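# Provide a 3D model corresponding to the input given below.
(2 chains)
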Amino acid sequence: MPQDHLITTENDTLAYGGMVAQWLAPLPHTKVKRMTLVVNVRVEEEEGSGAEKLSEGKWGKGEKARKTERGVEEGDAKEKHASGGGKTGENKEAGAKHAEKDKTKKVKEKKESKVAETSSEQGSSEEDEPEEEGGEKEIRPENLTPEELERLKVAVDDRKKLIQILRGKSWAMGKKLTMLRESLQFIEKYEGALGKGKGRRFYAYKVMMTKKWMKFQRDFENFKTACIPWEMKIKEIESHFGSSVASYFIFLRWMYGINMILFGLTFGLVMVPEALMGRPYGSMPRKTVPRPEERTAMDFAVLWDFGGYAQYSVLFYGYYNSQRAIGWLKFRMPLSYFLVGVGTVAYSYMVVIRTMARNANETGGGDDNSFNFSWKVFTSWDYLIGNPETADNKFASITTSFKEAILEEQESRKDDNIHLTRFLRVLANFLVMCCLAGSGYLIYFVVRRSQKFALDGFENHTWWERNEVNMVMSLLGMFCPMLFDVISALENYHPRVALQWQLGRIFALFLGNLYTFIIALMDAINLKREEEEVIKFNMTIWEASLYNGTVLTNSTAPPFTVEPSDVPRGPCWETMVGQVKFVRLIISDTMTTYITLLIGDFLRAVFVRFLNYCWCWDLEAGFPSYSEFDVSGNVLGLIFNQGMIWMGAFYAPCLPALNVLRLHVSMYLQCWAVMCCNVPQERVFKASGSNNFYMAMLLVILFLSTLPAIYTIVTIPPSFDCGPFSGKSRMFDVIQETLEADFPPWFGKVFSHASNPGLVLPFLLLMVLAIYYLQSTSKSYKAANLELKRKLQMQNEENKKKNKRAALKAAMDLEEARKASSPSAEQEGNTTSQQVQNDRERLHQGRNRDHPPSLRDQDGQSDHTKAPAARNHHHANNGASGHLSGVPRQAEPRMQRIPGAQRH
Amino acid sequence: MASPAIALAFLPLVVTLLIRYRYYFVLFYRAVLVRVWKDCVTGLRREERAFQYVLTHATPGDPDSILDAFDAWCSEVEFISNIGPKKGKILDRLLSEQSPLTVLELGAHCGYSTVRMARALPLGARLYSVEMDQSNAAIAEKVIRLAGFDDDTVELIVCPSDEVIPRLQSDFGLDKLDFVFMDHWKKCYLPDLQMLEDSGLLGKGSMILADNVLFPGAPNFLRHVRRCGLYEWRVHRATLEYIKGIRDGMAELVYQGIK
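Presented below is the predicted three-dimensional model:
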């Protein structure tokens, strides 16, 4: 069904089906029914009140109007029946028979309208038959006379017109559908036969080709949409859960795209060249599993932690060789590694900032505060909702938002106990701070403990103790937001504000966790580097002894016969960071997410669904209930996960690949989980506007996560015996090396001149100035925009006032003119209607006595401006009735409201 | 052996659950623990204790004061699942709009809702109140008489509802019910409703009001109402009687008949 949303071609036969489906989709069935009912009544009223002219339009007739004419048409039908029967017999010489074009046309129209009726009336079915027969004969265009052709053309045009205006008709749905289907069939059948003379065949061919082309275009559109990954899934979710949940999935897909590109960069420029052209496994110490680990290197438990053979592979920093150019391509491996590391970060910055800028353009500078209730009335409905339950929820949430807004309005007038509120807010923040501090301390404690374990050696401890840090971080990240949510109930904020506070708090929590983690990481790096110093010293001794040994034996064997796996080696802190910290953290985080999903959502849903038959209270509506999809938590989780990737991608090239895998799986899993075990949110809020908030958070996280990565790259010297930068004093020395070796000398000279502070500083200054200039101009543009908007509003109001004044004046003039002319003539004509009018009016007065006069006035005005004809009519009535019943003149505005009352 | 740090990480969850479901804990305490304790201490049943309180605190013959006394006892001393003052207002409003002449109440318990309804009925109306439990019915009888309603206004039927409903036509000579109030066992809502449909006692415009459809809840009842298409229905959302944090609702059905 959602496929139908995509169809854009208008004139095609199938497209109409799509349009109808699309138009059926957004409203739940019951509501459609009710609405058509209302519309029906209104139209009938209109027609009853004497708009007989309206029925000029052949298809515009309401049921009622048609019924009143039934009697007249019955006779017509008899006559036509005879003529129709004749027509079927002598089709070829029909020219003379249909001299009265008008009449036959009318007959035809009538016939068609009969066809459209769903009521299984005897007459209509009888009348259908000759039509059908005639149709079968008429399909051959050569047999048609020009008149018939003309008629046919008109009929086809009429059908087309009908299809276009069918939407606005006030018929029952079933009738509309049958009508549509029949009209489409009719057009299909006769359109091809409409060409003239010789060109007829060509015309038919052209029509056919146009249709084929349209179909192809539509198919192509569908194909294009099918090529957008997960579009259908997301649309389906959107229709069930509203746009806020869908926005999460769109965000996830966007993230997936970015990670795909990161993955492409690292995979294509780093991992594949190294695997293909670099020296093979086992050729060097850094590319070999060390001897003591060899025994367990293939165990699943080890591989699962990315140890063993996984650790000594292209997946991690340590495996890469510092050879300047590898393979027959002379691929500059270290340079490529460095540039890819920088490029991924630069690309991420670019994408995030560009998306932010694009989103910022979309949110116009409208003022949300001034027309609160109007916004709520006209814009709260989410038209993408296609599920009755969600529609009910949305309905309820709109109602509650109205209630809340009214309460808020009332509360803003009277000042309640502000001290209590303030106290509660302070208390809530205090509690949250306590919670944050507690969780921070817990993580700190756990990290310290894990360092102790690391000194002892991890093998001596249980699985729980080894994974303590990750477990605690995941659990805290999962449960603390729930606690914050509960605490925020104290504060009594508006839901939107509360959501922002909640997001801010979760952000603080995650950030705290992240930075505790980074601090622990720094400690670990420093430890490893001390270890490295010791090993470096030992290495020299070991090499010397080796050298001495070979000298003493004095054999002819090559000087280095030691197996690469036996060579002592440094701890390689880069691999440690990539493997132990980031990869394991990502994996445990992913596992926690999936397990939470399975237990918290799926098992809970199963429990609620199936134990509800034999439980003592209503599980579905009561205590456990089904879970809602937690948009903010999921988005934050995604963002922080991405931050981890950015931080660790330099030391573990496999991280983007892992993340792509994770996002892919979680796309399917979460789509399934949402559709299978979540219920639509009770408080469905719109997604627009929150997107940029997410983006801003992503940017902050990107900055915060690249900071430590850059810090380590710039300040800490690389390990001496592993990685592409081994042997250099800093990682970025590779740039200088390339400049010296691979570029002509003048280039290096230019570069060194360009990097001279005397040039760089003015350049930076210029950039700052440019940014400042651009910013100030954009600000002034914005101000001008706002000014313009205000002016437009003012002008609009001015116009309104002017119109109002003019209308009032015209009304007065008219009144006077009426008074001047004899009122008696009208009086007689309208006595009965006046009676009714008076009654109604009295009723109306009773009901609307408490309306402020300005409102009444305005209503009257709007009627003036909208329907001048009606105004005249009613003014006549009002004047007369005022005359009759002796209602004083001041009652005028109240009377003017009458047409409004009729309309409602 | 899990480490204590991991156990500590679960602390926020526990606190969250405690805070979020505090009303349910309060309800459990008041409705179960206090009741059992008082039963042991006084040797009286809960309804009897309530009646004693009402007897000593209310003015005989004045339904309002009896209702107030009940409310005071239920919100301050112990918990009885009466309809309560807030949902009672909805009930009063519906009754005054409908002004029914024949009213059936399923589940009188200790007479609170019976008094409440009898108070709001028009002159000449008759209320049939069904209570299954013998001793509860005795209390309800006393309360009703205390409020000053005689046999002509309120008739108390001591019998399970599923036995009474088929006999209503034959034994009590009823031909149509204008208003039915359900507040007995939540499991019986659906079968009783179906029995009422079958018996033909419901005419077009008959109103059925079912209490506690969200908590403790009658999902099958609601499902049936939603699906069968015999009713115009809506759920009045409110909170559970005497405990404000638990959401509850009353279902209002208006019988439309088969169209």
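
# Does the residue lying closest to A:A360 once chain neighbours are set aside belong to a helix, a strand or coil?
Leaving aside its sequence neighbours, A:A360 sits nearest to A:N692 (C-beta to C-beta, 6 or more residues apart in numbering or on different chains; 6.3 Å). For glycine as for every other residue, the C-beta is placed from the backbone atoms N, C-alpha and C. Three-state call for A:N692 (DSSP: H, G, I helix; E, B strand; the rest coil): helix.

# Report the rounded mean pLDDT for stretch A:463-474.
The average pLDDT within stretch A:463-474 is 79.

# typo on my end, stretch A:269-280
pLDDT averaged over stretch A:269-280 gives 90.

# tally of neighbours for residue 257?
This is for chain A. 14 (other C-beta atoms under 10 Å in any protein chain shown).

# wrong chain, I was asking about chain B
Using other C-beta under 10 Å, B:G257 has 12 other residues around it.

# repeat for B:S161
23.

# Equivalent analysis for the one 10 residues further on, please.
A total of 10 residues lie near B:D171 under the criterion other C-beta under 10 Å.

# So for it, what's the pLDDT?
B:D171 carries a pLDDT value of 87.

# State the three-state secondary structure for it.
helix.

# need the contact list for B:A58.
Taking C-beta atoms under 8 Å, 6 or more residues apart in numbering or on different chains, we find B:A58 in contact with B:65-66, B:68-69, B:146.

# 10 Å - rerun?
Going by C-beta atoms under 10 Å, 6 or more residues apart in numbering or on different chains, B:A58 touches B:64-70, B:72-73, B:143, B:146-147.

# Mind checking which of the residues you listed are buried?
B:66-70, B:73, B:143, B:146-147 (16 or more other C-beta atoms under 10 Å in any protein chain shown).

# B:A238 should be in a strand, yeah?
Yes. B:A238: assigned to a strand according to three-state DSSP.

# okay, whichever residue of the stretch 101-250 of chain B sits closest to chain A: pLDDT?
Using C-beta to the nearest C-beta, B:G217 is the residue of the stretch 101-250 of chain B that sits closest to chain A, at 2.4 Å. At B:G217, the model reports a pLDDT of 79.

# neighbours around it, how many?
Neighbouring residues of B:G217 were enumerated by other C-beta under 10 Å; the total is 24.

# Okay, it and B:D248: tell me how far apart.
Relative to B:D248, B:G217 is positioned 9 Å away (C-beta to C-beta, to the nearest Å).

# now do B:V130
Distance from B:V130 to B:D248, by C-beta to C-beta: 22 Å.

# cool, and A:I599?
As defined by C-beta to C-beta, A:I599 lies at a distance of 29 Å from B:D248.

# cool, and A:L658?
Going from A:L658 to B:D248 by C-beta to C-beta gives 49 Å.

# Over to A:K819?
63 Å.

# from memory A:A741 sits against A:R332, does it?
Yes. Using C-beta atoms under 10 Å, A:A741 makes contact with A:R332 at a distance of 9.5 Å.

# ok, A:K819 and B:D248, which is more surrounded?
Between A:K819 and B:D248, B:D248 has the larger neighbour count (other C-beta under 10 Å), namely 24 against 12.

# so who does the more buried one touch?
B:D248 makes contact with A:621-622, B:84, B:86-87, B:211-217, B:235-241, according to C-beta under 10 Å, 6+ apart.

# Restricted to strands, list those.
B:235-239 (DSSP state E).

# tally of neighbours for residue 242?
Reading this off chain A. There are 26 residues near A:G242, going by other C-beta under 10 Å.

# actually chain B
By other C-beta under 10 Å, the residues close to B:Y242 number 22.

# Let me know the pLDDT of it.
pLDDT for B:Y242: 83.

# separation between A:V608 and chain B?
Per C-beta to the nearest C-beta, to the nearest Å, A:V608 is found 11 Å from chain B.

# what's near enough to touch that residue?
Applying C-beta under 10 Å, 6+ apart, we find A:V608 in contact with A:615, A:618-627, A:677.

# what do you get for B:G257?
B:197, B:202-206, B:230-231.

# Which ChimeraX command selects the buried ones in the residues you listed?
In ChimeraX, this line selects whichever of these come out buried by 16+ other C-beta under 10 Å:
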select /B:197,202,206,230,231
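
# Give me the phi and psi for the residue in the stretch 501-650 of chain A that chain B sits nearest to.
The nearest approach of the stretch 501-650 of chain A to chain B comes at A:D618, 2.4 Å away (C-beta to the nearest C-beta). As for A:D618, its main-chain torsions (degrees, to the nearest 10) stand at phi -80, psi 110.

# So it is in contact with B:G217, correct?
Yes. Between A:D618 and B:G217 a contact is recorded at 2.4 Å, counting by C-beta under 10 Å.

# what residues are shared contacts of these two?
Counting by C-beta under 10 Å, 6+ apart, the common neighbours of A:D618 and B:G217 are A:612, B:186.

# Find me the pLDDT at A:A741, would you?
What the model reports as pLDDT for A:A741 is 85.

# burial count for it?
If you count neighbours by other C-beta under 10 Å, A:A741 ends up with 11.

# Spatially, which residue comes closest to it, not counting chain neighbours?
That would be A:R324: by C-beta to C-beta, 6+ apart, it lies 7.4 Å from A:A741.

# Likewise for B:T153?
Closest residue in space to B:T153, ignoring its immediate chain neighbours: B:A118 at 5.6 Å, by C-beta to C-beta, 6+ apart.

# Could you do A:F751 as well?
Counting by C-beta to C-beta, 6+ apart, the residue nearest A:F751 is A:L739, at 5.9 Å.

# likewise B:L18?
What sits nearest to B:L18 in space, not counting adjacent residues and going by C-beta to C-beta, 6+ apart, is B:F25, at 7.5 Å.

# Against B:V32, how distant is that neighbour?
Going from B:F25 to B:V32 by C-beta to C-beta gives 11 Å.

# so what sits against both of those two?
Contacts common to B:F25 and B:V32, judged by C-beta under 10 Å, 6+ apart, are absent.

# give me the number of residues near the closest residue to chain B within the stretch 151-300 of chain A?
Using C-beta to the nearest C-beta, A:A172 is the residue of the stretch 151-300 of chain A that sits closest to chain B, at 15.0 Å. A count of nearby residues for A:A172, using other C-beta under 10 Å, gives 16.

# per-residue confidence at it?
As predicted, A:A172 sits at a pLDDT of 81.

# The residue of the stretch 101-250 of chain B closest to chain A contacts A:L619, doesn't it?
Yes. In this structure, B:G217 is within contact of A:L619 by C-beta under 10 Å, at 8.3 Å.

# joint contacts of those two?
With C-beta under 10 Å, 6+ apart as the test, B:G217 and A:L619 both reach A:N612.
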